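1. Need coordinates for the below:
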Amino acid sequence: LRRRNLVPKEAMPYSSGFIFTYDSGDFPGVLDKALEMADWNGFEARRVEAKARGKLRGIGIANPIEIAGGPAAKPNPEFARVEIAPSGKVRIHVGSMDSGQGHGTVFRQIIADRLGLDTQDMEIVAGDTHEVPQGTGTFGSRTLAAAGGAIWTAADTIIEKLKDRAAEQLEADKADILFESGQYRIAGTDRAISFAGVIASESALLSAENFVSNAGATFPNGCHICEVEIDPETGQVELASYCVVDDVGRMVNPLLVKGQIAGGVAQGLGQALMENAVYDPNSGQFLSATFMDYAMPHASDMAGVEIAGFSVPTKQNPLGVKGAGEAGTVGALSAVISAVADALHPLGVRHIDMPATPERVWRCLQMQHMD
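-> Residues are numbered from 1 along each chain as shown. Model prediction:
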């Protein structure tokens with residue numbers, strides 16, 4: 001049933017008839033890769049083995065999709081200014097602030113990949129309204145597509161500005177000059193000069209800025225498969241395995257993407273299994289006001305999480321990125337609680353609310369025993 005309801009990649013771009021149009025994606029491909037990673041077909045054998053040990057084992061699956069940078073990207077432009085000195089030092093002014101996501105790393109990487117310059121010679125300027133005159137900001141998994149796209153476009157402007165100088169140094173006509181992999185090259189030949197070599201011949205700083213929007217929203221999507229084991233004597237839920245396959249478009253920095261997805265899974269796992277605001281029913285006193293009482297997931301709760309990419313680049317921005325900031329959480333919530341429900345289903349439990357704390361799971365099982 002799930003597979004029948006997935007839009008095939010041949011149907012892209014796909015409009016549901018509502019506001020959104022999915023511009024790209026391979027939803028069945030993502031599902032197949034996740035099923036293989038999780039050894040879905042071997043689950044029943046693992047359930048039988050767990051039962052022999054006195055444990056309840058369950059599996060849950062979620063195919064999340066979210067919208068990033070939308071619903072319409074046009075009203076959400078982003079600012080970037082790129083300044084490059086003859087020495088090769090770069091200042092990147094950007095209107096999107098970093099609060100731990102690693103923006104600075106990928107902004108430098110965009111320039112390094114495009115122009116072939118050293119990331120160690122780059123400075124990021126953000127949050128200073130004297131230096132950055134305008135900007136829209138960080139929200140909705142938009143930053144790499146919006147700010148990254150603005151940086152890419154500014155770099156393209158500088159590349160174009162230097163074509164005359166590159167043609168002069170290569171003793172060729174400007175119309176015959178191509179730029180790729182950090183080099184100006186004469187089309188059809190192996191004669192080339194690096195961007196650094198051309199900029200070094202300049203006598204002043206080169207600068208380009210813009211405040212641009214992407215062509216439209218993007219749709220990061222994926223598949224999460226979670227397996228849990230439950231101790232029926234205590235109600236304790238343990239994560240047995242967790243597999244994520246995510247299509248976030250082109251991954252500029254795969255390590256950062258995986259880190260963000262892992263953090264999102266941790267947030268979803270915490271909400272599904274343990275995080276709870278508890279109030280005294282009589283006085284209204286908040287009883288979980290500190291981390292001594294409010295449970296949050298630890299590294300030990302995240303054992304066995306595997307993350308894999310399935311990149312289908314979008315054409316909505318020059319980088320081909322779709323966004324990844326919320327990708328882990330939107331799938332984890334339903335995958336985890338579905339796995340818990342599946343583990344309890346053979347004993348007659350038909351519903352359990354989040355968070356599935358040991359006490360709540362234990363009470364559900366006791367009610368079934370009473371029935």
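2. Just confirm E83 is within a helix.
-> No. Under DSSP: H, G, I helix; E, B strand; the rest coil, E83 sits outside any helix and is assigned strand.
3. Return the residues in contact with it.
-> E83 is in contact with V90, R91, I92, H93, L205, L206, S207, counting by C-beta atoms under 8 Å, 6 or more residues apart in numbering. For glycine as for every other residue, the C-beta is placed from the backbone atoms N, C-alpha and C.
4. Let's verify the closest residue to E202 other than its chain neighbours: helix, strand, or coil?
-> Excluding the flanking residues, the one nearest E202 by C-beta to C-beta, 6 or more residues apart in numbering is P86, at 4.8 Å. Following three-state DSSP, the label given to P86 is coil.
5. Which helix or which strand is home to R165?
-> Under the criterion of DSSP states H and E, R165 resides in helix 163-170.
6. ok so, going back, can you report how many residues lie near the residue nearest to E202?
-> For P86, the count of nearby residues is 15 (other C-beta atoms under 10 Å).
7. And the one 3 residues further on, by the same measure?
-> As a burial measure, K89 scores 15 neighbours (other C-beta under 10 Å).
8. quick one: the closest residue to it other than its chain neighbours from T105, how far?
-> Closest residue to K89 apart from its sequence neighbours, by C-beta to C-beta, 6+ apart: D121 at 4.7 Å. Computed as C-beta to C-beta, to the nearest Å, the D121 to T105 distance reads 15 Å.
9. Against G235, how distant is the closest residue to C364 other than its chain neighbours?
-> Residue nearest to C364 in three dimensions, not counting chain neighbours: V349, with 4.9 Å by C-beta to C-beta, 6+ apart. From V349 across to G235, the span is 11 Å (C-beta to C-beta).
10. Now for the two: what residues contact both?
-> L365.
11. sorry, back to before: looking at it, the residue nearest to K89 is touching P86, isn't it?
-> No. Under the criterion of C-beta atoms under 8 Å, D121 makes no contact with P86, lying 12.0 Å away.
12. Tell me the confidence at the residue nearest to K89?
-> D121 is assigned 94 on the pLDDT scale.
13. what's it sitting at in phi/psi?
-> Phi and psi for D121, reported as degrees, to the nearest 10, are phi -100, psi 20.
14. Pull out the buried residues from the helix or strand of the chain with the lowest mean pLDDT.
-> Lowest by mean pLDDT, DSSP states H and E among the helices and strands of the chain is helix 358-370, with a mean of 87. The neighbour-count criterion (16 or more other C-beta atoms under 10 Å) identifies R360, V361, W362, C364, L365 as the buried residues of helix 358-370.
15. and that helix, how far from the chain's centre?
-> 37 Å (C-alpha atoms, centre = their mean, to the nearest Å).
16. Which elements pack onto that helix?
-> Counting contacts by 3 or more C-beta pairs under 8 Å, 6 or more residues apart in numbering; DSSP states H and E, helix 358-370 is packed against helix 327-344.
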